[in-house]
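Undergrad: Got a predicted structure plus its sequence, pasted below:
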Amino acid sequence: MEIRIIPIKGVPVPVKAGDDVAKLLCEAIDRQGISLQDGDVLVVTHKVISKSKGLIYRLSEVKPSKEAVMLSRSLGKPPELVEVILRETARIIRTRNGLIICETRHGFVCANAGVDVSNVDGGLSATTLPPDPDEEARRIRRFFREARGVDIAVVISDTHGRPFRRGQVNVAIGIAGIKPLRDRRGDRDLFGYELKATAIAVADEIASAAELVIGQAGEGIPAAIVRGLKYNVDLTSSIKDLVMSPEEDLFR
C-alpha cells in the first residue's frame, strides 16, 4: 500500500468570518490542477473553520473575571486570554508552567482548552475551537459530494500535546465518513498471538500524517488530501468515539 499526502495550496489568507471553507478548498484544489477521488481523506485544520465562523476574540475587548485575573497572576498569562480559556473550559484538570490543562465542552483534554493566539494577528486576538467539529466535517463532506460527486472522508485537526512526551502532534477533533478507531481485538499477530486490547486511532494517525505537509508555522496550507489509505467508511461515527471516559482514563 502506498499513501500520498497532497498539500492544498492557494487558499486565500486570511480566511474571514462568513467565508465558505469548503468552497475555498474546492476552488484551491481546482486551481492546483488536482481533483478529489473516492476514498480520499480531506484533512482540514480547525483554525480556518474557526476563523470562518467568527470565533476570533480580540483580547482588548475581553473583560476578565476575578477568577481569570487570579489565575493569570500565577500563570503569567494575560488575564483576557485566561478569560477566553475559562469560557471554553468544562473543567480544569491542572495548572502548571504557564499552562491550563482543561477538559473542553467537547470532552477533549488539552492545553488552554484549544484557545490559540498563533496565526491570527500577531497575538492581539485568540481563536477557539468550533462548537461542533463533527458537523463541520459533515458539511464539508456533503459539499464535495454534491459539488464534485465524490465520496470522501473528512478529518478536522488540531495540535495537542501528549502525556509524558515532548512535542505536539496533530490529532482529529472532528470526523465524517470514517470510522475513527480500528479495533484489532481478536486479530492474531505474526506469531499467532490473539490481540486482546489493541485499537488503532486511525483518525489521529491521518491528522498527524497530514501535518507533515500542512506545517505549524503559518505556511498558508490549511488542508491536505491523504490518498491511498484503506479505512472503514462509517457515516454515523463521531469524534466522541475517540474520547476516553473518566472511568477508563489512567491519567485523570
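TA: Received the coordinates, thanks. Numbering: from 1, shown residues only.
Undergrad: I'd like to know which elements the biggest helix by length in the chain is packed against.
TA: Across the chain, the longest stretch assigned as helix under DSSP state H is helix 133-148. Applying 3 or more C-beta pairs under 8 Å, 6 or more residues apart in numbering; DSSP states H and E, we find helix 133-148 packed against helix 21-32, strand 41-45, helix 46-52, strand 153-162, strand 165-176. From N, CA and C alone the C-beta is placed, and that goes for glycine too.
Undergrad: which of these sits most buried?
TA: Mean neighbour count (mean count of other C-beta atoms under 10 Å) peaks for strand 41-45 among the helices and strands packed on helix 133-148, with a mean of 27.
Undergrad: Now the terminal residues of stretch 75-95, how far apart.
TA: Length of stretch 75-95, first residue to last, C-alpha to C-alpha, to the nearest Å: 8 Å.
Undergrad: from the chain's centre, how far out does stretch 29-41 sit?
TA: From the chain centre to the centre of stretch 29-41 is a distance of 21 Å (C-alpha atoms, centre = their mean, to the nearest Å).
Undergrad: next one: stretch 227-241
TA: Distance, centroid of stretch 227-241 to centroid of chain: 15 Å (C-alpha atoms, centre = their mean).
Undergrad: Next: stretch 243-252.
TA: Relative to its parent chain, stretch 243-252 has a centroid offset of 20 Å by C-alpha atoms, centre = their mean.
Undergrad: Mind splitting the protein into its structural domains?
TA: Domains of the chain are assigned by automatic domain parsing as 4-53+130-242, 57-126.
Undergrad: ok, the residue most central in space within the chain to Arg58 distance?
TA: Nearest to the geometric centre of the chain sits Ser157, at 2.3 Å (C-alpha atoms, centre = their mean). Distance, Ser157 to Arg58, by C-beta to C-beta, to the nearest Å: 25 Å.
Undergrad: Surely Leu129 and Ile85 touch.
TA: No: Leu129 is not in contact with Ile85 according to C-beta atoms under 8 Å; the separation is 11.3 Å.
Undergrad: hey, what's in contact with both of the two?
TA: Ala113 (C-beta atoms under 8 Å, 6 or more residues apart in numbering).
Undergrad: Could I get the contacting residues of the closest residue to Leu25 other than its chain neighbours?
TA: Spatial nearest neighbour of Leu25, chain neighbours left out: Ala223 (5.6 Å); criterion: C-beta to C-beta, 6 or more residues apart in numbering. By C-beta under 8 Å, 6+ apart, Ala223 lies in contact with 7-8, 11, 25, 42-45, 48, 210, 214.
Undergrad: all strands of this structure, in order?
TA: With DSSP state E as the criterion, the chain has strands at 4-8, 41-45, 56-58, 89-96, 99-104, 109-111, 125-127, 153-162, 165-176, 181-183, 199-201, 223-227.
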